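Peer 1: Quick one, what's the 3D model for this:
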Amino acid sequence: MAERNVLKIIITGEGGQGVQTIGELLAEAAFQAGKQALYIPNFGVEQRGGVSVAYVQIADEAIGAPKFAKADLLTVLSKRSAERTKGYLRPGTIYLYEESALEPPVIADRAVGIQGYETIAPEGFAKMVGDEAGPAPTPPADQAIRPIGIRAAATAKAELTPKVFNIIILGAITKLIAVIPPVRVKEAIAKKFGTKFRENPELAALNFKAFEKGLTMIGPRETEAF
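Peer 2: Modelled structure (predicted):
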């Protein structure tokens with residue numbers, strides 16, 4: 001990873017895809033690794049459902065401002081969340097996007113209480129990966145950004161379970177930014193879902209397998225680009 005004072009990351013997708021869980025786990029793992037970390041959740045104006053955005057900053061020294069205008073890494077999990085956050089792109093931004101040919105689940109903005117999905121464990125996201133086939137997402141045409149597409153949704157559905165889709169994304173981000181030891185992220189996962197894991201050891205195995213799968217989706221070429 002190129003040297004930066006503060007690493008600015010955005011993760012965005014539909015409410016229910018586990019976006020906030022990714023942001024929270026990244027910040028917790030960074031803190032436990034001795035970094036400064038700041039995580040700010042944003043659910044948009046809908047209040048219930050709709051696009052969910054997680055802002056994460058990681059640094060070796062104190063982070064000066066809670067907000068930022070441009071992202072070093074923008075992780076996009078749905079088409080309309082891409083539209084919502086395109087203003088954070090700058091020349092050189094890494095654009096990590098989900099490119100499976102599956103329609104993401106879209107929760108109606110008028111649904112009541114759906115946003116609560118963000119506060120529970122991934123196993124609650126029964127429909128966090130869509131079942132319907134659809135056109136594969138594509139990155140913006142802007143040649144100044146650096147797109148990296150991964151098929152996390154298709155992999156989760158075919159090889160694991162849709163419930164761990166967001167943990168695959170977490171693994172890919174961890175490998176890409178290369179500032180947090182993967183073992184720290186796994187510890188953060190275990191800490192957050194400890195009760196669930198003790199009740200269901202199989203769930204723990206699934207989450208850790210998903211995390212390892214995400215790590216493998218980013219190769220040396222992509223990490224060098226970052």
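Peer 1: quick one, strands of this protein?
Peer 2: 6-14, 36-42, 51-59, 73-76, 94-98, 146-150 (DSSP state E).
Peer 1: and of those strands, who's closest to Gly171?
Peer 2: Among the strands of the chain, the nearest to Gly171 by Cβ to Cβ is strand 146-150 (9.8 Å). Backbone N, C-alpha and C define where each C-beta goes, glycine included.
Peer 1: Show me what stretch 96-104 is in contact with.
Peer 2: For stretch 96-104, the surrounding residues in contact (Cβ atoms under 8 Å, 6 or more residues apart in numbering) are 13-14, 17, 73-79, 82, 129-139, 147-155, 157, 169, 172-173, 176.
Peer 1: again, only this time at 6 Å
Peer 2: Stretch 96-104 has contacts (Cβ atoms under 6 Å, 6 or more residues apart in numbering) with 14, 75-78, 130, 132-134, 136-137, 139, 148-149, 151-154.
Peer 1: Could you dump the strands of the chain into CSV with mean neighbour count and distance to Ile189 added?
Peer 2: Shown next, in CSV, are those (neighbours: other Cβ atoms under 10 Å; distance: least, Cβ to Cβ, whole Å):
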stretch, mean neighbour count, distance to Ile189
strand 6-14, 25, 16
strand 36-42, 18, 15
strand 51-59, 24, 16
strand 73-76, 25, 17
strand 94-98, 24, 19
strand 146-150, 19, 19
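Peer 1: quick one, longest helix in this structure?
Peer 2: If you go by DSSP state H, the chain has its longest helix at helix 201-216.
Peer 1: quick one: that one to chain centroid distance?
Peer 2: Averaging C-alpha positions (Cα atoms, centre = their mean, to the nearest Å) puts helix 201-216 15 Å from its chain's average.
Peer 1: hmm, back to that, can you select the buried ones from the contacts of stretch 96-104 in PyMOL?
Peer 2: Buried residues within these, by 16 or more other Cβ atoms under 10 Å, are selected in PyMOL with:
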select buried, resi 14+75+76+77+78+130+137+139+148+149+151+152+153+154
